[in-house]
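A.B. asks: Kindly generate the corresponding structure for this input.
(chains A and B)
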Amino acid sequence: MDDEKIIEMFFARSEQAIKELDIKYGKLCHKLAYNILGSHSDAEECVNDAYLGAWNAIPPAKPNPLQAYICKIVRNISLKLYYKREAAKRSSTYDIAMSEIEEVLPSLNTVEDEIEARELARIIEDFLETMTAENRVIFMLRYAYSDTYADIAKRVGLTEKNVSVRLSRIRQKMKQYMIEREIYI
Amino acid sequence: MNIKKFSEAMSEVDDKYYIESANYQPKRKKISSVKWGAMAACLCLAVVGAFMFRNVSLSNHEVTFDNGDILVFAKSDSVGSEQFEVKRSDMDVSALTSSEIKLLFNELPVSGVAYFDKDSGQFVAFEGNINNILLAVTAPGEIFADTIIDGKETISEIEGTAVSAGYFLTDKNSKGERTVIYYASFKLGKYELYVEHAGIESNGDSVKTELADTVQVLISNGEPDMGSISVKPTE
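C.D. replies: Okay, here's the model as predicted:
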């Protein structure tokens, strides 16, 4: 079903909207939440919360594209739950992906010089534009969707080893990109 | 805290990047049934006519990869004999460490030296080998692999990368054997890569296949980050 029709259902307050949303993007949302939380039951809870969030926000919101909108809600809710359980054992793909990137994020000890998340997002976007489409997708699948190397390899048609090498180079380039622009997180 | 901020920022990046990655379709082709048919037919021909075709095995100067891409080698009348002459006077030379090799070429068994501009320290070229295959990488604007090729070159598309490839047969030596030289050049990012492999004519098929496999692995590895290496301090 078209995104537009699903949105229309939300506007008509039809519960079928949630069902259609789940049919179309449920699998993607569940995988995204699972990659962050490492638990199917937690992932399901977050996806359901995201659907509820969408239900409450639409209308008045009229998201376009719907896919990115729901993915971001799922990601944010999953991260909230993740941070709540931060003390628990870290073992999800999200943990591993974030520990990789932590090594290349330039940081300062002074809070005043730290950059805001929104501003950092714009810089990441600029950095993404310097990359090939394939590398950009690899980066997003890893650090936005927290996909495993195996999943990324399957998606982009490379070997796991190639994905690992590509990511390693991308991280080094990102580090250089940020240092050159004196970006500290 | 920086991980949390990075993560928050990733949630803020434009929707188009989420959409692009969620819906990405790789360019690599699947083998079609037609190709399978053609391959099966070739296999039959190879089995039935193995003896008959042994002496003319080099008549097929192309390699078909598992993903359906075909690398075609065009016949060349001559190949320059001094491809790798570098103006060494204005350059520093440095052998690459194993960790640099791994960073640049992943698991390929590469060995060789890199040349850097004496003044700027910038990477100029790399010259080396992957087992018996010659490999040269040059920075933009640098003429390092001054290959003189007389004859046609064919452009093939391997994993979305344009590859120019050819082969050359020498005259017979005192033992009556000819040497076949296969070569290919292509661009990865801003760097030019040149690979070359040679062997006696009767081993031509394996020479060709080894070179083609190397081309594919190099392309799959992506642009080598030659800018990340630097000249070693002299001891």
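A.B. asks: Flag the shaky bits of chain B, pLDDT-wise.
C.D. replies: B:1, B:27-59, B:77-90, B:142-153, B:231-235 (pLDDT under 70).
A.B. asks: Spatially nearest residue to the residue nearest the centre of chain A (excluding sequence neighbours)?
C.D. replies: Centroid-nearest residue in chain A: residue A:144, 2.7 Å away (criterion: Cα atoms, centre = their mean). Nearest in space to residue A:144, with sequence neighbours left out and distances taken as Cβ to Cβ, 6 or more residues apart in numbering or on different chains, is residue B:10 at 5.0 Å. Placement of C-beta: from N, CA and C, glycine included.
A.B. asks: Give the rounded mean pLDDT of stretch A:145-154.
C.D. replies: For stretch A:145-154, mean pLDDT rounds to 90.
A.B. asks: List the buried residues in it.
C.D. replies: Within stretch A:145-154, the residues scored as buried using 16 or more other Cβ atoms under 10 Å in any protein chain shown are A:145-149, A:151-153.
A.B. asks: need the contact list for residue B:206.
C.D. replies: residue B:199 (Cβ atoms under 8 Å, 6 or more residues apart in numbering or on different chains).
A.B. asks: The same query, at a cut-off of 10 Å, please.
C.D. replies: B:197, B:199 (Cβ atoms under 10 Å, 6 or more residues apart in numbering or on different chains).
A.B. asks: helix or strand for it, which one?
C.D. replies: Residue B:206 is located in helix B:204-221, with elements delineated by DSSP states H and E.
A.B. asks: Now do the helices in chain A.
C.D. replies: For chain A, helices defined by DSSP state H occupy the ranges A:3-11, A:16-37, A:40-57, A:66-84, A:93-102, A:117-129, A:133-143, A:149-156, A:160-180.
A.B. asks: Export those to CSV and append columns for distance to residue B:162.
C.D. replies: Formatted as CSV, the helices of chain A follow (distance: least, Cβ to Cβ, whole Å):
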stretch, distance to residue B:162
helix A:3-11, 37
helix A:16-37, 34
helix A:40-57, 43
helix A:66-84, 33
helix A:93-102, 32
helix A:117-129, 23
helix A:133-143, 16
helix A:149-156, 20
helix A:160-180, 20
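A.B. asks: on that earlier part again, can I get the helix holding residue B:206 in PDB? Just the C-alpha atoms.
C.D. replies: Only the C-alpha atoms of helix B:204-221 are listed here, as PDB (Å, rounded to 0.1, in the frame of the first residue of the first chain):
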ATOM      1  CA  GLY B 204      47.600 -18.600 -20.700                       C
ATOM      2  CA  ASP B 205      44.300 -19.500 -19.200                       C
ATOM      3  CA  SER B 206      45.500 -19.600 -15.600                       C
ATOM      4  CA  VAL B 207      47.500 -16.400 -16.100                       C
ATOM      5  CA  LYS B 208      44.400 -14.700 -17.500                       C
ATOM      6  CA  THR B 209      42.200 -16.000 -14.700                       C
ATOM      7  CA  GLU B 210      44.600 -15.100 -11.900                       C
ATOM      8  CA  LEU B 211      44.800 -11.600 -13.300                       C
ATOM      9  CA  ALA B 212      41.100 -11.200 -13.600                       C
ATOM     10  CA  ASP B 213      40.500 -12.500 -10.100                       C
ATOM     11  CA  THR B 214      43.000 -10.000  -8.800                       C
ATOM     12  CA  VAL B 215      41.200  -7.200 -10.600                       C
ATOM     13  CA  GLN B 216      37.900  -8.200  -9.100                       C
ATOM     14  CA  VAL B 217      39.400  -8.300  -5.500                       C
ATOM     15  CA  LEU B 218      41.000  -5.000  -5.900                       C
ATOM     16  CA  ILE B 219      37.700  -3.500  -7.200                       C
ATOM     17  CA  SER B 220      35.800  -5.100  -4.300                       C
ATOM     18  CA  ASN B 221      38.200  -3.700  -1.800                       C
END
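A.B. asks: Tell me how far it lies from the chain's centre.
C.D. replies: Centre-to-centre, helix B:204-221 and its host chain are 7 Å apart (Cα atoms, centre = their mean, to the nearest Å).
A.B. asks: buried stuff in it?
C.D. replies: For helix B:204-221, burial by neighbour count (16+ other Cβ under 10 Å) applies to B:204, B:207-208, B:210-212, B:214-221.
A.B. asks: got the angle for that helix vs helix A:160-180?
C.D. replies: Angle of helix B:204-221 versus helix A:160-180, following axes from the mean of the first three to the mean of the last three Cα atoms, to 10 degrees, is 40 degrees.
A.B. asks: Confirm residue B:195 sits in a strand?
C.D. replies: Yes - counting by DSSP: H, G, I helix; E, B strand; the rest coil, residue B:195 is found in a strand.
A.B. asks: so it makes contact with residue B:127?
C.D. replies: No - contact criterion Cβ atoms under 10 Å: residue B:195 and residue B:127 do not qualify, at 11.8 Å.
A.B. asks: Do me a favour and get the end-to-end distance for stretch A:152-160?
C.D. replies: With Cα to Cα, to the nearest Å applied, stretch A:152-160 spans 8 Å between its terminal residues.
A.B. asks: do it and chain B meet?
C.D. replies: Yes - Stretch A:152-160 reaches chain B (Cβ under 10 Å from any Cβ of the partner chain) through A:152, A:154-159.
A.B. asks: part of a strand, is residue B:181?
C.D. replies: Yes - Residue B:181: assigned to a strand according to three-state DSSP.
A.B. asks: Tell me which residues are up against stretch B:97-106.
C.D. replies: By Cβ under 10 Å, 6+ apart, stretch B:97-106 touches A:159, A:161-162, A:164-166, A:168-169, A:172, B:94-96, B:107-112, B:114, B:126, B:128, B:130, B:135, B:137, B:217-218, B:220-226, B:228-230, B:232.
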